[in-house]
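Undergrad: this one's structure only:
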């Protein structure tokens, strides 16, 4: 059967051992009606806390003409649920052994509601059928459920069909996809698999045949492959957008899928209609459902022993007396046999067996060529065939001066190709004849002039110096290149036409024969760049010149050339050649994985420009992981560059070259980008990571340049410093710790400011509810011409009594006619979603879901200021800083903007958040405006029954007069699906310090002694004690007998809070008679000094003269 040919072609499966037939629709008899309850098919059911079904009771209906159909009954059962309709085969499991393969054959057709999607009409992407294995029969089939290993059939926009393993839309798990034209939706000739085109009104597929296989491998994963064919035309596809090119096998490896079913011993067959089988777009022309007719289905389970394929991508890297060998792992291999020989193709027994995919072969003889091949092994079965053979020659390691040459005959050079002379070799994966030696007997140069340049393959011309160098952290290549650039007049012109192009590249490489491209991971290249204005710059690991990649630059005027006649005196031959340019450079391997850093200086006879800082590469994994490197250089691939009119070629002439291999430890560099952002009683300090720093101290001083304390030591790059006094400026320094020393950033100020959280919808902590809240949105559904909308501006969308969150009002509309704004699905379209998990992130959040590509919605959801935690009629956002943060964890389209109502007028922010999917809700999915008066907003026309769109212009909130803010929320324009997760509003102002302390310590009565230590809660606050710890009453006053200024008396020392607004006052009082008189301030008490103890406390010292026989003393603490 062809399905096994496919498998053998793709993953090398061995001969089959047929097992049992799990199901065959031609066996047994069926009666018209619900499939569930017939021949052991049983509905998968799941119930929520209110005992309401979450899965449809009728997935398929038995029909007389086809075996199964979707009819009105199954559609109706589907539409009252939220998660699809599924059935399972309620029979004893056939087992789940290693090497098990479940193979299915299905004849079917499908249709969407009749309608013509003409012109620029759009189509949704919709999963409509799911089949596979499950180890849980109390829930539906899902890509996120570890108990399921299932295949999804997905009808895609532009009339395509695909099948995916354990995923609704992960391209890595896509097995096949039928092709079609993106504009006309017509299937290519000879590949008319579906036989339909909804754009012309043909919404019914031909009869199709689906073949699929799911295989349980030995490595904890599942493989799957399959194909679909047209039973009428024979057209078929088994790969992504191809027609029969050998099959595509996908694996759950690395995808965190199906672990539960893999571990189970008794999975059963299950299938059903995915929740996306309904689409609102389809509802325009019918009931909104993708319907299937299944003519036949059979599934059998077999045990198929592994037939291992040879390892691929075998790489051998030389080193001093050793070779590092690596390869890509083979599916289902448990280990690998490695063979070595000094004769190509002649191998004996394996010299080692290992479970990994790399090894270091030591004890080899330098300058001897060795050959290697690798076989995949699984004990008890035949090894794979040999991998491709690789050869490698260990060589000695060079250090110090690698080359220092002027390319002269005295140094052994002769005129002709540089490759083949003095250790230079041509890079195999580039064009030949990179540099020619000219004038060897005199000045000596390595020149590209006249060499030709094959620009069609865009490889450039490269050579490398065949000297192996260590590539350890801190290893550095440095040197000097002296060169000239040679330009040419453009075709038919008297002047040159310069284009931004890179002319010369050089640096270390771990793969001397791979393409010579700046961003390749196996090289760390510098590029000499010629700009369109005649300037010359040096870049590192990129062809894009900007301030972050540019190491140095010289202006055209300092290079003694004028190729484009900027000076207006004509272009002579001398104007087309620069003077000698000297480039001093350094490329260092850092201690940060994957990272190299570089510096450079460019000099001419009249100017010098140098790097002020190192430029850091992106990750160069292949280069970094290599134990050794070689020096390479090229006439770079875009030295010959064309635009629509002219071709620009620039040559380079090397006059001298010096390269040295050395080693430099990290240079401590001060952390940069330090920011201090004030919050309520806090300052958040952040900074950019300093390259090779091990950790950081955050230092704080109370005055600029004053004594510093260490707030904390961290390895992260952000610290929340709290508590600090509102309105008091502190000074912060970030100290980086390196292996070779320390470096301090500049000192910056940071001041907390008083701020109160007046509104907090924050689903990140998952504490906003215990169940979903389904919105009753059929009430108030209104049609106005082409618009459908729901007005929740009077009756709330959701009330605070329905969940642990604020009351939201809303205006929601579709910008094109649709059958129902709720998607005809009820709850799923519009709800508060408790503990929603998506892309591995669980939150409480709202969810709006509009299946398909159109119509899209405009959504204005907000909270009135009278419903805030601190209710108010409105806030003056100019007199008070209003800080607003919104976040989403899914934004499939459109905008996500902050919305505020000032008086009766709505405004939305010019800025919009991006898509917060995949855990990026707190980065790209967040929009934070610290002060709305300082940000740009535009007026949003909000008239119930009309579209909102976008503002025509924007200005600052201050200029717009934001003095009457009475509602805040979010606005999403042209939205398909989104999940807002945060709306947080802070307003300047502060909870008093005493109240803040009491709340944090759960104190309701300041005059009680909560912990029984005989110190009241109020005095615990005053003395910095812990009111919940009897062992910590704080720093209590101390009294001692003393003489001061010749007078006998007492020294009384107490602590006081340094908070500028502590909410209390301290009063030292005395009395001579506890019975006849109360305590009162004593005019004879002398304050003799005070001193700060730390940031929070100061010590106060008083002298109390003994002017009476008896004197009683008390330090009163009074609440203000």
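TA: Arrived safely, thanks for sending. This one's a predicted model, so the numbers in the text were calculated from it and none came from an experiment. Residues are numbered from 1 along each chain as shown.
Undergrad: Show me the shaky parts of the stretch 651-800 of the chain.
TA: The stretch 651-800 of the chain contains residues with pLDDT under 70 at 774, 776-780, 786.
Undergrad: let's see it at 80
TA: 754-755, 765-767, 769-788 (pLDDT under 80).
Undergrad: Tell me which stretches of it form helices.
TA: With helices called from DSSP state H, counting those that start in this stretch, the stretch 651-800 of the chain shows none.
Undergrad: Strands of that one, start to end?
TA: With DSSP state E, counting those that start in this stretch as the criterion, the stretch 651-800 of the chain has strands at 651-663, 675-679, 682-686, 695-701, 708-714, 718-721, 730-738, 741-744, 748-750, 755-762, 773-774, 781-784, 787-792.
Undergrad: I'd like to know which of the ones you listed is closest to residue 1029.
TA: Of all these, it is strand 708-714 that lies closest to residue 1029, at 22.9 Å by C-beta to C-beta. C-beta here means a position set from N, CA and C on the backbone, and glycine is covered the same way.
Undergrad: which outside residues touch the closest one?
TA: Applying C-beta atoms under 8 Å, 6 or more residues apart in numbering, the contact partners of strand 708-714 are 695, 696, 697, 698, 699, 700, 701, 719, 721, 733, 1094, 1095.
Undergrad: Next, format the strands of the stretch 651-800 of the chain as TSV and append mean neighbour count and distance to residue 1087.
TA: Putting the strands of the stretch 651-800 of the chain into TSV (neighbours: other C-beta atoms under 10 Å; distance: least, C-beta to C-beta, whole Å) gives the following:
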stretch	mean neighbour count	distance to residue 1087
strand 651-663	20	64
strand 675-679	18	33
strand 682-686	20	32
strand 695-701	19	27
strand 708-714	14	27
strand 718-721	17	32
strand 730-738	22	27
strand 741-744	14	39
strand 748-750	16	32
strand 755-762	20	35
strand 773-774	18	61
strand 781-784	13	74
strand 787-792	20	63
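Undergrad: what residues go with each domain of the chain?
TA: 2-300, 312-395, 398-567+575-663, 675-747, 757-988, 993-1119 (automatic domain parsing).
Undergrad: Just put the strands of the stretch 651-800 of the chain in TSV and tack on distance to residue 942.
TA: Output for these, formatted as TSV (distance: least, C-beta to C-beta, whole Å):
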stretch	distance to residue 942
strand 651-663	63
strand 675-679	32
strand 682-686	35
strand 695-701	46
strand 708-714	46
strand 718-721	38
strand 730-738	44
strand 741-744	52
strand 748-750	39
strand 755-762	20
strand 773-774	25
strand 781-784	14
strand 787-792	11
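Undergrad: Indicate which one of the domains of the chain is closest to residue 669.
TA: That would be domain 675-747 among those, by C-beta to C-beta, at 5.4 Å.
Undergrad: quick one: terminal-to-terminal distance for that closest one?
TA: One end of domain 675-747 to the other measures 10 Å (C-alpha to C-alpha, to the nearest Å).
Undergrad: likewise stretch 791-808?
TA: Stretch 791-808 end-to-end distance (C-alpha to C-alpha) = 12 Å.
Undergrad: can you check stretch 741-749 too?
TA: Start-to-end, stretch 741-749 (C-alpha to C-alpha) is 25 Å.
Undergrad: List of residues touching it?
TA: With C-beta under 8 Å, 6+ apart as the criterion, stretch 741-749 contacts 668-672, 674-676, 687, 690, 699, 701, 704-705, 729-736.
Undergrad: Now tell me what touches stretch 414-427 from outside.
TA: The contact list for stretch 414-427, computed with C-beta under 8 Å, 6+ apart, reads 403, 405, 407, 411-413, 432-440, 446, 462-467, 512-514, 516, 632, 634.
Undergrad: Can you select the buried ones from the residues you listed in PyMOL?
TA: Command for PyMOL, covering only those of those found buried under the criterion 16 or more other C-beta atoms under 10 Å:
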select buried, resi 403+405+407+413+433+434+435+436+437+438+440+446+462+463+464+465+467+512+514+516+632+634
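Undergrad: Which of the contacts of stretch 414-427 fall in helices?
TA: Assignment to helices by DSSP state H places none of these there.
Undergrad: Disregarding residues adjacent in the polypeptide, which is nearest to residue 525?
TA: residue 507 (4.2 Å; C-beta to C-beta, 6 or more residues apart in numbering).
Undergrad: From residue 521, how far out is the one you found?
TA: Distance, residue 507 to residue 521, using C-beta to C-beta, to the nearest Å: 13 Å.
Undergrad: So for stretch 526-543, what gets flagged as buried?
TA: Buried residues in stretch 526-543, counted by 16+ other C-beta under 10 Å: 526-531, 534-543.
Undergrad: TSV for the domains of the chain, including distance to residue 306?
TA: Putting the domains of the chain into TSV (distance: least, C-beta to C-beta, whole Å) gives the following:
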stretch	distance to residue 306
domain 2-300	7
domain 312-395	4
domain 398-567+575-663	30
domain 675-747	44
domain 757-988	31
domain 993-1119	62
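Undergrad: Worst mean pLDDT among those?
TA: Out of these, domain 2-300 stands lowest, with a mean of 81 (criterion: mean pLDDT).
Undergrad: in the stretch 351-500 of the chain, which spans are strands?
TA: Under the criterion DSSP E, counting those that start in this stretch, strands of the stretch 351-500 of the chain are mapped to 352-354, 358-361, 370-377, 390-392, 397-398, 400-405, 416-417, 424-426, 436-438, 445-447, 461-470, 475-486.
Undergrad: that older thread, between all of the contacts of strand 708-714, which two are at the greatest distance?
TA: 695 and 1094 (23.6 Å).
Undergrad: pretty sure residue 332 is in contact with residue 378, am I right?
TA: Yes. Assessed by C-beta atoms under 8 Å, residue 332 is found in contact with residue 378 at 6.0 Å.
Undergrad: Show me which of these two is the more surrounded one.
TA: Legend: neighbour count by other C-beta atoms under 10 Å for residue 332 and residue 378, higher for residue 332 (24 against 18).
Undergrad: Skip the chain neighbours and tell me the closest residue to the more buried one.
TA: That would be residue 306: by C-beta to C-beta, 6+ apart, it lies 4.3 Å from residue 332.
Undergrad: Three-state assignment for the one you found, please.
TA: Taken by DSSP: H, G, I helix; E, B strand; the rest coil, the conformation at residue 306 corresponds to coil.
Undergrad: Could you measure from the spatially most central residue of the chain over to residue 890?
TA: Centroid-nearest residue in the chain, with C-alpha atoms, centre = their mean: residue 920, separated by 6.4 Å. Separation of residue 920 from residue 890 (C-beta to C-beta) stands at 10 Å.
Undergrad: what does residue 812 give?
TA: Noted for residue 812: a distance of 17 Å to residue 890, by C-beta to C-beta.
Undergrad: Same check on residue 96?
TA: Distance from residue 96 to residue 890, counting by C-beta to C-beta: 34 Å.
Undergrad: Of these two, give the one with the bigger neighbour count.
TA: residue 890 (23 against 19).
Undergrad: any idea which helix or strand carries the more buried one?
TA: Assessed by DSSP states H and E, residue 890 sits inside strand 882-891.
Undergrad: Could you identify the helix or strand that succeeds that strand?
TA: Following strand 882-891 in sequence, per DSSP H and E, is strand 897-902.
Undergrad: Listing partners with orientation, what would you give for that next one?
TA: Partners of strand 897-902 in the sheet, by DSSP bridges, are strand 905-909 (antiparallel), strand 965-975 (antiparallel).
Undergrad: Buried ones in the last one, by neighbour count?
TA: In other words, strand 965-975. 965, 966, 967, 968, 969, 970, 971, 972, 973, 975.
Undergrad: repeat for stretch 922-930
TA: 922, 924, 925, 926, 927, 929, 930.
Undergrad: Let me see the ranges of the strands in the stretch 51-200 of the chain.
TA: With strands called from DSSP E, counting those that start in this stretch, the stretch 51-200 of the chain shows them at 61-62, 68-69, 85-89, 100-111, 126-134, 148-156, 160-165, 174-177.
Undergrad: meant to ask about the stretch 801-950 of the chain, not that
TA: Counting by DSSP E, counting those that start in this stretch, the strands of the stretch 801-950 of the chain are 809-814, 830-838, 841-849, 857-864, 882-891, 897-902, 905-909, 926-929, 936-940.
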